[in-house]
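Participant: Structural data only, the sequence is not supplied:
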């Protein structure tokens with residue numbers, strides 16, 4: 001379990017955001033996002049529209065019948081989430097070294 005999930009809870013949206021932040025350089029189809037974040041595909045579908053609507057994630061391309069998505073790192077709110085994730089990790093590292 002990552003620090004992000006540990007701090008904010010193990011709910012599906014947090015798990016998906018954690019995965020998307022960790023692998024922000026890559027794009028994935030929804031099936032892979034669900035699988036890699038440990039969330040069922042049907043659960044992912046219940047909130048994915050909100051993430052798209054709020055421009056947290058963006059569609060990058062279409063491969064075959066699948067749309068691929070990645071974290072929208074141009075969104076200021078997403079930038080703050082990424083910073084928060086890094087600060088949590090740095091805080092844990094400092095705690096461990098003390």
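Facilitator: Looks like it arrived, so ask away. Everything quoted here is computed from the prediction, not taken from an experiment.
Participant: Can you point out the buried residues in stretch 14-24?
Facilitator: Neighbour counts over stretch 14-24 (16 or more other Cβ atoms under 10 Å) mark 14, 15, 16, 17, 18, 19, 20, 21, 22, 23 as buried. C-beta: built from backbone N, CA, C; applies to glycine.
Participant: Now for those: which two are most distant?
Facilitator: Spanning the widest gap among the buried residues of stretch 14-24 are 14 and 23, at 15.2 Å by Cβ to Cβ.
Participant: Which secondary structure elements does the helix or strand of the chain with the lowest mean pLDDT sit against?
Facilitator: When each helix and strand of the chain is scored by mean pLDDT, DSSP states H and E, helix 76-97 comes last, with a mean of 88. Applying 3 or more Cβ pairs under 8 Å, 6 or more residues apart in numbering; DSSP states H and E, one finds that helix 76-97 contacts helix 3-8, helix 12-22.
Participant: Reformat the ones you listed as JSON lines; add mean pLDDT.
Facilitator: Formatted as JSON lines, the entries for these read as follows, by pLDDT from 0 to 100:
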{"stretch": "helix 3-8", "mean pLDDT": "93"}
{"stretch": "helix 12-22", "mean pLDDT": "97"}
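Participant: Redo the ones you listed as CSV? Include distance to residue 89.
Facilitator: Converted to CSV, the helices and strands packed on helix 76-97 look like this (distance: least, Cβ to Cβ, whole Å):
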stretch, distance to residue 89
helix 3-8, 6
helix 12-22, 10
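Participant: Which one, of those helices, ends up nearest to residue 94?
Facilitator: Closest among these, using Cβ to Cβ: helix 3-8, at 12.1 Å.
Participant: Just give me how far that closest one sits from the chain centre.
Facilitator: 12 Å (Cα atoms, centre = their mean, to the nearest Å).
Participant: can you list contacts of it?
Facilitator: 14, 15, 17, 18, 21, 84, 85, 88, 89, 91, 92 (Cβ atoms under 8 Å, 6 or more residues apart in numbering).
Participant: cool, and stretch 35-46?
Facilitator: 12, 15, 16, 18, 19, 20, 23, 28, 30, 31, 33, 34.
Participant: Going by neighbour count, which residues in the helix or strand that contains residue 49 are buried?
Facilitator: Using DSSP states H and E, residue 49 maps to helix 41-53. For helix 41-53, the neighbour count (16+ other Cβ under 10 Å) marks 43, 44, 48, 51 as buried.
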